[in-house]
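Asks: Predicted model and sequence follow; I will ask about them next.
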Amino acid sequence: MPALNESTKTFAQINRGYNQVFQPNRLSIGLAAPLESYTRGPVPSMNRHLERVRLAEKVGFSAVWLRDVPFNVPSFGDAGQVFDPFVYLGFLAGQTDRIALGIASLILPLRHPAHVAKAAASVDQLSGGRLILGIASGDRPDEYPALNENYANRGERFRDSFEYIRKMAATAPAFKNRYGQTNGEMDLLPKPAAGKIPMLITGGSQQEPQWGARHSDGLITYPRSIDDQANAVSSWRDGIPNKTGVSKPVMQSLYIDLMADPDAPPQPIHLGFRSGMKFLKSYLKSLEDIGVNHVALNLRFNQADIEETLLYLAEDLLPDFRA
């Protein structure tokens, strides 16, 4: 296994949420919304969703992540947290104080980047700089004709949308690409709380292998074996320009079904595993050792009571992975 612990590297300081969640050589723990188990269908109930996010913040989870699922596509089998992510983040911004508010991930080619830039900066301002924006090119072709968008060129539009959002963080920019032009005499408000929205690319998002390492503020990826993940993290970080002293964070998702018996051995489930606390903790330590900086736990397939699971994780897991 390659050694990826970059002990001499730092991460850029961008906003309060990003700085809190991502620390070099450390792994923090967040949660993917909705915070509930829904195994019999694609649509969650959203019962007690606010109470559970508040509990997650109270007991020390570093972030809550929302998915962008515009349509309930039967073949995909998961409607996410149902609500529009920016509307939901605006609500959570007013109901929480500390926890980072993330999207993992927003499908850029399905939205005009002016709307994304304005909504993202609004949430960032309203939350006191707690927004982390994961971005993706999208992997559900059924949604594109519903919006009269082209699935085949989504990679090009992802890249142009990214550029547009970055440009709009400046004051009255003069700019032109396929999404429109401004002449430097008007402005898009508000601006991000600290001058920039942290944007993490999801996988390759239809770009050349090293594009994300050069342009984004970090990588969101999927669970793999430890050796395969180590190689993926190392390969991605090789593309970071001016690597001396500076690196960028990597995060991944993980579905878990946490058993009451702490010694329960692992059994595979979709994009994760069912296990006791001891295996979960050792797996996360292995991820930390190879340079993964954050894991968003997904409790969709968790069989135990959700509130009890959150408290169990807070008591037995979070002390080892403090943000």
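Replies: Thanks, I have the structure now.
Asks: CA only for contacts and neighbour counts going forward, please
Replies: Noted.
Asks: Compute the first-to-last residue distance for stretch 266-286.
Replies: Distance between the boundary residues of stretch 266-286 (C-alpha to C-alpha, to the nearest Å) amounts to 15 Å.
Asks: Run the chain-centre distance for it.
Replies: Distance of stretch 266-286 from the chain centroid (C-alpha atoms, centre = their mean, to the nearest Å) equals 20 Å.
Asks: What distance do you get for the residue most central in space within the chain to residue 253?
Replies: Central residue of the chain (C-alpha atoms, centre = their mean): residue 104, 3.5 Å from the mean position. Using C-alpha to C-alpha, residue 104 is found at 9 Å from residue 253.
Asks: does residue 14 really touch residue 198, like I thought?
Replies: Yes - the pair residue 14 and residue 198 passes the contact test of C-alpha atoms under 8 Å, sitting 6.5 Å apart.
Asks: what about the two, which has more around it?
Replies: residue 198 (25 against 18; other C-alpha atoms under 10 Å).
Asks: and that one, how far is that from residue 122?
Replies: According to C-alpha to C-alpha, residue 198 stands 14 Å off from residue 122.
Asks: Likewise for residue 47?
Replies: Computed as C-alpha to C-alpha, the residue 47 to residue 122 distance reads 27 Å.
Asks: Look at the nearest residue to residue 316 once chain neighbours are set aside and report its pLDDT.
Replies: Among residues not flanking residue 316 along the chain, residue 277 sits closest, at 7.8 Å (C-alpha to C-alpha, 6 or more residues apart in numbering). Note on residue 277: pLDDT of 98.
Asks: Tell me which residues are up against the least confident helix or strand in the chain by mean pLDDT.
Replies: Every helix and strand of the chain was ranked by mean pLDDT, DSSP states H and E. The lowest is strand 246-247, at a mean of 90. Strand 246-247 has contacts (C-alpha atoms under 8 Å, 6 or more residues apart in numbering) with 9, 10, 11, 12, 237, 240.
Asks: and the fourth one, what is it in contact with?
Replies: Just to be clear, that refers to residue 12. So residue 12 contacts 246, 247, 248 (C-alpha under 8 Å, 6+ apart).
Asks: which residue ranges form the strands in the stretch 151-300 of the chain?
Replies: For the stretch 151-300 of the chain, the strands defined by DSSP state E, counting those that start in this stretch occupy 174-177, 180-183, 199-202, 219-221, 246-247, 250-258, 267-269, 272-275, 294-298.
Asks: I'd like to know which of those is closest to residue 62.
Replies: For those, proximity to residue 62 was assessed by C-alpha to C-alpha; strand 294-298 is nearest, at 9.1 Å.
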